[in-house]
Every structure is written in structure tokens, then in C-alpha cells.
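Chemist: Coordinates for the following, if possible.
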Amino acid sequence: MNRGSASKATLVLRNARVWTVDPCCPSAQAVAIRGNEIVAVGRDEEMEPLIGAGTRVVDLHGHLLLPGFHDAHTHWVWDLLREQYGFSLYGVRSVPEAQARLATFAAAHPEAEWLLGYRWDANRFEGGRWPTRADLDAVEPRRPVATRDLDGHSAWVNSAALERLGYRRDTPDPPGGRILRDAEGEPSGILLENAHEPLPSVPVPSPEDFRIFLRDGAAQLNRLGITSLCNNGLPPGCFEDIVRMAEDGALSIRLSEWPALNALEEAEAMRRRAAESERVRVVGLKAMLDGVLSAHTAWMLEPYADAPDAVGFPLIDPETLFLQALRADAAGFQVIVHAIGDRAVHEALDILARIQEHNGRRDSRHRLEHVEVVAPEDIPHFAQLGVTAGMMPQHATSHVADYIQSRVGEERAATCYPWRALLDRGVHVCFGTDWPAIDLPVPNPVEQLYVAVTRATGPDHRGPAWHPEQALTVAEAIRCYTLEGAYAEFAEQRKGSIAPGKLADLCVLSQDVFEPPPERILETEVTMTVFDGEVVYEKQ
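Modeler: Predicted coordinates for the structure are as follows:
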């Protein structure tokens with residue numbers, strides 16, 4: 001038995017199939033918890049001395065017990081607010097459907113200055129064609145309307161919104177953005193990348209409302225077995241509310257916030273404020289280097305297979321990014337770069353190498369996020385530089401038939417989303433969802449595990465495997481969704497695996513996902529979640 005102090009436990013989980021993600025003790029039968037920490041891992045009978053009158057003992061009936069899932073890349077907080085203050089186009093596939101949702105929202109919010117939508121999926125909308133400003137004008141010609149795409153890299157707006165933004169026929173494209181035009185040269189109503197940055201965000205809620213949104217949202221994540229996440233983006237002033245909520249014990253999630261790379265002074269203040277917290281962390285700063293494959297805005301080394309004149313473009317001048325990253329690294333921050341295209345990945349690795357040359361090498365754990373298309377010669381550089389790859393399994397497979405295969409062609413497809421190639425090179429790979437920038441109703445880690453293991457394609461995960469040579473084992477996928485997420489935020493000594501002295505963040509699955517066939521994974525549910533030593537979800 002792997003055991004700490006001999007005092008009585010507050011919670012014992014027994015008769016389980018424990019997969020610890022700890023190479024020193026990979027499997028066990030029971031776990032004992034005292035307060036918010038694990039104190040023992042071993043066989044059922046070894047827990048007996050730790051059971052007292054005040055110990056809660058739970059028989060898990062042979063179910064699989066894992067570390068709590070760590071979603072290593074989200075925009076969770078903004079999603080909570082959009083749900084409250086905007087209208088969703090999730091699942092909408094046609095202009096009439098979108099118009100109906102807009103009309104309902106507009107009627108219910110007659111005083112709203114802007115009508116803001118979210119989660120519009122351009123890739124599965126109207127056969128892949130871009131809609132126009134006229135489609136929205138037909139419902140709301142007076143007030144500005146703007147709905148951002150599912151992945152946040154494009155926006156669909158009406159004429160009033162274009163007028164409010166000052167986008168006219170003679171308006172040049174902004175740096176790092178594109179204003180799509182119609183046949184007459186007028187803005188069509190589609191804004192790509194930085195062109196939609198001036199759009200307003202949803203209102204900042206009151207502290208009381210914000211706490212309610214966070215509490216309820218965290219409870220939803222707990223039901224999925226999620227106990228930690230990385231979040232990018234907060235409304236002004238809301239960080240203090242999150243820290244206070246965590247200090248009060250009212251936030252049942254550990255949150256690592258990513259301020260913007262160009263906001264160093266603000267990030268330093270946030271880091272100081274959360275310095276003593278194990279529930280809120282500020283260790284990394286994020287920047288966007290390129291766009292996405294779907295809109296042909298990911299920055300590529302060679303032209304797109306289905307658009308020979310396009311190679312995408314950088315959203316920020318690489319030299320500016322280098323200077324920002326250099327300052328952040330010198331201040332002890334992790335640098336996190338969104339890099340999807342192979343040119344973006346190459347340039348980002350070059351920037352991180354230059355940072356090491358200037359500032360010296362340290363355990364910086366800089367991260368590249370998404371890493372969807374990678375030149376084979378760049379894969380070894382991740383390990384050489386100590387760069388972590390933050391990747392999203394379902395981004396790899398859900399849209400293969402929609403656009404990915406056509407964008408990259410056969411040759412580059414072999415090195416797209418190269419999980420296996422990176423792991424085999426010794427690269428740290430952590431998994432997340434990019435929630436809500438993904439075609440899923442909820443950010444379910446179990447579905448992500450299934451895709452990581454099978455590379456099954458399609459929105460229902462029932463299509464053929466796409467380059468299965470890049471798939472992972474179940475154990476590897478679980479590690480990427482637990483311990484690697486903790487490693488990526490410098491917290492692997494406190495969470496991410498089941499071992500004495502670590503925080504008691506755990507989840508129980510209804511089925512043993514190690515048992516074949518892998519299709520059983522999709523039928524698996526979370527039946528219990530333990531956060532900070534407390535049972536925060538239990539399926540009835």
C-alpha cells in the first residue's frame with residue numbers, strides 16, 4: 001500500500017478498479033482521503049485502519065476510478081455569459097432557422113442595443129456557403145446584429161453592425177483580418193479573424209449574478225468528471241470575483257486563467273492575487289498567431305489543397321509576438337501560442353527557440369495550442385525545446401468530411417493532429433476541448449477519450465478512422481486528460497494522478513474503458529466526482 005499518515009480518513013472509496021496515472025503504483029482497489037488530500041492508495045483491507053466513526057465509506061462496485069479530468073483549453077467563462085445574454089445558433093443549419101432564433105431573441109429583448117449570437121457553425125451551414133448581411137437584415141434592419149462562429153474566428157453581421165463598425169466599400173482589411181466582399185465590392189456581412197475584434201462583448205454581470213453563473217457552470221462540469229480547466233478570457237473585473245469565490249470554498253473547479261500575452265502588467269497583478277490559491281492559478285499568457293483551417297486563415301507553409309492562392313496569414317506580426325513573449329518569459333510566465341497551420345507552428349517554435357537564446361533555458365513549459373498541421377521536420381523541435389502541445393481530439397475528426405481533408409490534401413493529412421508522433425518523441429501532450437469552440441452540446445471528456453483512441457470521424461463518432469496510426473492507447477489518452485494537464489500548468493506534484501499527498505480530485509466511470517471494444521467508451525457515464533475531498537456529484 002502507498003500510504004501517508006495513519007490518522008482516520010474522512011472518505012474511503014473501495015471495491016474499485018483504480019487507475020492512478022502514477023507509474024509507481026499504476027492500479028489499486030481503494031483510495032482513502034483525509035480532508036482535501038489523498039492519504040492512502042492500495043487494497044480494500046489496507047484501508048481498514050483508516051476507517052473511523054466519522055469516515056464515509058463508498059463501495060464503488062468495481063467501477064473505474066480515475067483522477068479528475070483536466071480540460072486543458074477552454075473559453076468556459078465567456079460561454080457562461082453568452083448563455084445568459086445572447087442567442088445560440090448551435091445546431092442551426094439554415095438561414096430560416098437562424099432567422100427564427102434571431103427573431104425570438106429580438107422580440108424578447110426590445111431594449112438591447114446589440115443583438116449578439118454565438119456558436120454559429122459556418123462549416124455545416126447552408127452547404128458550406130457564407131450567409132450575408134441581407135439574411136439578418138430581413139429580420140432586424142434597425143439594430144446591429146452579430147453572431148460569432150462556433151470557433152470564434154469569424155462573425156456574421158447585418159448592415160447596421162457594419163455601419164456601426166465603420167466598414168464600408170472603401171474600408172481596407174484590418175491587420176490580421178479580412179472583410180469579405182460581395183460581387184459589387186461591398187462588405188458581405190462576414191468578418192474573419194481580427195476584422196470582428198471591434199464587436200462588443202456580452203454585458204458584465206453583477207458580482208452576485210456572476211457567482212451564480214460560475215457555481216452552476218462548475219456543477220455542470222463536475223457531472224462530466226471535470227475538476228480542473230484552463231480558461232482563456234474574462235470580463236473586466238471578474239477575476240477578483242473568481243478568486244474570492246474560490247477562497248470561500250464555493251467554486252468546485254480549479255481554474256488556470258490565461259490573460260493575454262500583451263497584458264503583462266495586468267497578468268502580474270493577477271498572479272500576485274492568486275499566489276496562495278490551489279484553486280485559481282495564473283501561470284501562462286496567450287496569443288493568437290494564426291486562424292483556422294475552416295476559414296482558410298490558418299497560416300500554412302504551402303497553399304491550401306482546395307484554394308491554391310491561399311496560405312492563410314498571421315494575426316500578429318511574428319516579431320511583435322517575439323518581443324511580447326520575450327518579456328513574458330523574462331517575467332517568469334509560460335507563453336501560450338495558438339498555432340494551427342504548419343507555418344504558424346514553425347514560426348512559433350522559432351520564436352520560442354529565440355526566447356531561450358536571449359533569456360536562457362528554464363523549465364518554462366511554453367505551449368503551442370491546437371497544433372493541427374505540423375511539418376514532419378518540426379515535430380522533434382517540441383521535445384528539444386521542452387514545448388508542450390495542447391491538443392483537442394475532437395477537432396481532429398469531427399470535421400474531416402466537412403473541410404479538413406479538402407483543406408490539407410492527402411500528403412499533409414498524414415501529419416495532421418499528430419498525437420502519436422509527438423508522444424513517441426517524448427513531447428508532453430495535454431488534451432482539452434476548446435469549449436465552446438467545438439461542435440458538441442457539452443465538453444464531455446469521455447467522448448474525447450474515445451476519439452483519441454479510435455480517430456473515429458463524424459459528429460456522431462461512427463465514421464471510419466482517419467489516420468489511425470496517430471491514435472493513442474486508453475492509458476495514454478487518460479494521462480493526456482489528467483496528469484499532462486496538471487504538468488502543463490506546473491501542478492503535477494499536487495494533482496493529475498492518484499497518490500498520497502495529492503489533492504483529492506477524482507471521478508468514477510460507469511464502465512471500464514480499458515475493456516474492448518472501444519465503442520463501449522461512448523456508452524460510459526461519470527457516476528461520481530470528488531473535488532477537494534468532497535463528493536460534488538453522485539449519479540442517483
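Chemist: how close does residue 278 sit to residue 491?
Modeler: According to C-beta to C-beta, to the nearest Å, residue 278 and residue 491 sit 8 Å apart. (Each C-beta comes from the backbone N, C-alpha and C, glycine too.)
Chemist: Any stretches of this protein with poor pLDDT?
Modeler: Within the chain, the set of residues satisfying pLDDT under 70 comprises 1-6.
Chemist: re the thing from before, ok, residue 278 and residue 491, which is more surrounded?
Modeler: Counted by other C-beta atoms under 10 Å, residue 278 and residue 491 do not tie: residue 491 has more neighbours, with 21 against 14.
Chemist: burial of residue 166, as a residue count?
Modeler: The local packing of residue 166 (other C-beta under 10 Å) involves 8 other residues.
Chemist: and if you look at residue 324?
Modeler: When neighbours are defined as other C-beta under 10 Å, residue 324 has 20 of them.
Chemist: residues touching residue 156, list them.
Modeler: Shown in contact with residue 156 (C-beta atoms under 8 Å, 6 or more residues apart in numbering): 120, 122, 130, 131, 136, 146, 147, 149, 189, 190.
Chemist: Give me the subset of these that lies in strands.
Modeler: Among these, the ones falling in strands (DSSP state E) are 120, 146, 147, 149, 189, 190.
Chemist: Confirm for me that the first one is in contact with residue 89.
Modeler: Yes: taking C-beta atoms under 8 Å as the definition, residue 120 is a contact partner of residue 89 at 4.0 Å.
Chemist: Please enumerate the shared neighbours of the two.
Modeler: Common contacts of residue 120 and residue 89 (C-beta under 8 Å, 6+ apart): 98, 147.
Chemist: List the contacts of residue 86.
Modeler: Counting by C-beta under 8 Å, 6+ apart, residue 86 touches 105, 116, 117, 118, 202.
Chemist: Just the ones in strands from the residues you listed, please.
Modeler: Short answer: those in strands (DSSP E) are 116, 117, 118.
Chemist: Closest to residue 448 out of those?
Modeler: Comparing those against residue 448 with C-beta to C-beta places residue 118 closest, at 21.6 Å.
Chemist: what's across from the closest one in the sheet?
Modeler: residue 88 (DSSP bridges).
Chemist: was I right about it contacting residue 92?
Modeler: No: assessed by C-beta under 8 Å, residue 118 is found out of contact with residue 92, at 11.3 Å.
Chemist: residues in contact with the helix or strand residue 107 falls within?
Modeler: Using DSSP states H and E, residue 107 sits within helix 95-108. Helix 95-108 has contacts (C-beta under 8 Å, 6+ apart) with 86-89, 92, 112, 115, 117, 120, 125-126, 131, 135-136, 138-140, 143, 145, 147.
Chemist: Can you flag the buried ones in the residues you listed?
Modeler: Buried members of the contacts of helix 95-108, counted by 16 or more other C-beta atoms under 10 Å: 86-89, 92, 115, 117, 120, 125, 131, 135-136, 139-140, 143, 145, 147.
Chemist: wait, what's in contact with residue 223?
Modeler: Listed by C-beta under 8 Å, 6+ apart, the contact set of residue 223 reads 526, 529, 537.
Chemist: who wins for most neighbours among those residues?
Modeler: That'd be residue 529 among those, by other C-beta under 10 Å, with 26 neighbours.
Chemist: Give me the sheet partners of the host helix or strand of it and which way each runs.
Modeler: Element membership of residue 529, judged by DSSP H and E, is strand 526-531. Next to strand 526-531 in the sheet, as set by DSSP bridges, lie strand 506-509 (antiparallel), strand 534-538 (antiparallel).
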